[in-house]
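Enquirer: here is my input; please provide its structure:
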Amino acid sequence: MAVATEHFTALPVAVLTVSDTRDEATDTSGKYLQEALQAAGHVLADKKIVCDDIYRIRAVLSGWIADENVKVVLITGGTGFSGRDSTPEAVIPLFDKVIDGFGEIFRAYSLQEIGSSTIQSRAIAGLANNTVVFCMPGSTGACKTAWVNIIREQLDSAHRPCNFVGVLNTRQQLK
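Expert: Next comes the predicted model:
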């Protein structure tokens, strides 16, 4: 459940690292996202690492979007074109609505940092069962770009003119 103060609502956030090579000791991106969300006042609901497999990604994500105690999921990894990258293929079928602007804005910021290589990013986001899901590349730098420039503000109930806390609250009332 979200904990509200006058200007801020702490959200329960789950972090998923998609990787065939990372473990808890080497998962710098997942660790960054965990620390960043907690520093912003949110609550870590769960954290997992799963290999880059469509059905394993879907299984973890499906559990979280079915859990009313998870309001946001941050996924790092599996968004490129290399090897078995399959995060978009795994998560898009679960979305009720796609947040097109996230990928667009992420790539705009990323263009300033890594140039035309950003064309290989398939960063995406969407809403699934009143849960906001953000999928970003697996590098810690990409996670910082997404968090600092987009996600942090969109998870801040005081951010104006709009934020996803307001969207979640409105959608919850419609259920």
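
Enquirer: okay, and the helix or strand of this protein with the least pLDDT?
Expert: For the chain, the helix or strand with the lowest mean confidence is strand 3-4, at a mean of 48 (criterion: mean pLDDT, DSSP states H and E).

Enquirer: chain center to the helix or strand following that strand, what's the gap?
Expert: Remark: after strand 3-4, the chain's next helix or strand is strand 9-10, criterion DSSP states H and E. Strand 9-10 sits 16 Å away from the centroid of its parent chain (CA atoms, centre = their mean, to the nearest Å).

Enquirer: what's the first helix or strand after strand 9-10?
Expert: strand 12-18.

Enquirer: so residue 169 is in which element?
Expert: helix 164-174.

Enquirer: oh sorry, the question was meant for residue 70
Expert: Applying DSSP H and E, one finds residue 70 in no helix or strand.

Enquirer: check contacts around the residue nearest to residue 19 when sequence neighbours are not counted.
Expert: With CB to CB, 6 or more residues apart in numbering as the criterion, residue 19 has its nearest non-adjacent residue at 4.9 Å, and that residue is residue 77. Quick note: C-beta positions are derived from backbone N, CA and C, even for glycine. Residues in contact with residue 77 (CB atoms under 8 Å, 6 or more residues apart in numbering) are 17-19, 22, 29, 52, 87, 137-138.

Enquirer: which of these sits closest to residue 58?
Expert: Nearest to residue 58 out of the contacts of residue 77 is residue 87 (CB to CB; 10.1 Å).

Enquirer: could you work out the end-to-end span of stretch 60-72 for me?
Expert: Start and end residues of stretch 60-72 are separated by 13 Å (CA to CA, to the nearest Å).

Enquirer: make residue 1 into 67 and carry on from there
Expert: In the new numbering, first residue 67, that becomes stretch 126-138.
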